[in-house]
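In: one predicted model, sequence on top.
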Amino acid sequence: MSTGEQQRVAVARALANAPAVLLADEPTANVDPETREVVLARLLAAARTEEKVLMVATHDHSLLTRFDRVVRLDKPDLAPTTPC
């Protein structure tokens, strides 16, 4: 299984278990752009419609505007912020 396939399976398993809190470490790092949108949409939908907490660690700054709150750990003087 490729790394991207492993990531998709991990996301599906996490969502299937219906946790109150979703922790995602680079959930879109090893997937193609189309799959990236599907994965992100599913995580965000679960957080918003099922009232779950979603915490995502990412280096992909293009994702930041999709979240309600962003905390930057690389520049503590800027944390917490609204989306960049």
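Out: Sure, I can see it.
In: burial measure for residue 50, as a count.
Out: 12 (other Cβ atoms under 10 Å). (Glycine included, C-beta is placed from N, CA and C.)
In: please report phi then psi for it.
Out: phi -110, psi 10 (degrees, to the nearest 10).
In: surely it meets residue 19?
Out: No. Between residue 50 and residue 19 there is no contact under Cβ atoms under 8 Å: 9.9 Å.
In: what helix or strand is the most centrally placed residue in the chain on?
Out: Centroid-nearest residue in the chain, with Cα atoms, centre = their mean: residue 56, separated by 4.2 Å. Applying DSSP states H and E as the criterion places residue 56 in strand 53-57.
In: helices or strands up against that strand?
Out: strand 21-25, helix 33-49 (3 or more Cβ pairs under 8 Å, 6 or more residues apart in numbering; DSSP states H and E).
In: let me see the contact set for the closest residue to residue 58 other than its chain neighbours.
Out: Nearest residue to residue 58, sequence neighbours excluded (Cβ to Cβ, 6 or more residues apart in numbering): residue 26, at 5.8 Å. Residues in contact with residue 26 (Cβ atoms under 8 Å, 6 or more residues apart in numbering) are 57, 58, 59, 60.
In: pLDDT weak spots in the protein?
Out: 75-84 (pLDDT under 70).
In: for the residue nearest to residue 3 when sequence neighbours are not counted, which three-state class applies?
Out: Leaving aside its sequence neighbours, residue 3 sits nearest to residue 30 (Cβ to Cβ, 6+ apart; 4.2 Å). Of the three states, residue 30 takes coil under DSSP: H, G, I helix; E, B strand; the rest coil.
In: how much space between residue 7 and residue 15?
Out: From residue 7 across to residue 15, the span is 13 Å (Cβ to Cβ, to the nearest Å).
In: name the residues that touch stretch 43-50?
Out: With contacts defined as Cβ under 8 Å, 6+ apart, stretch 43-50 is touched by 11, 15, 18, 22, 24, 27, 52, 53, 54, 56, 66.
In: for the fifth one, what are its contacts?
Out: Listed by Cβ under 8 Å, 6+ apart, the contact set of residue 24 reads 11, 14, 43, 54, 55, 56, 57.
In: thank you kindly, that will do.
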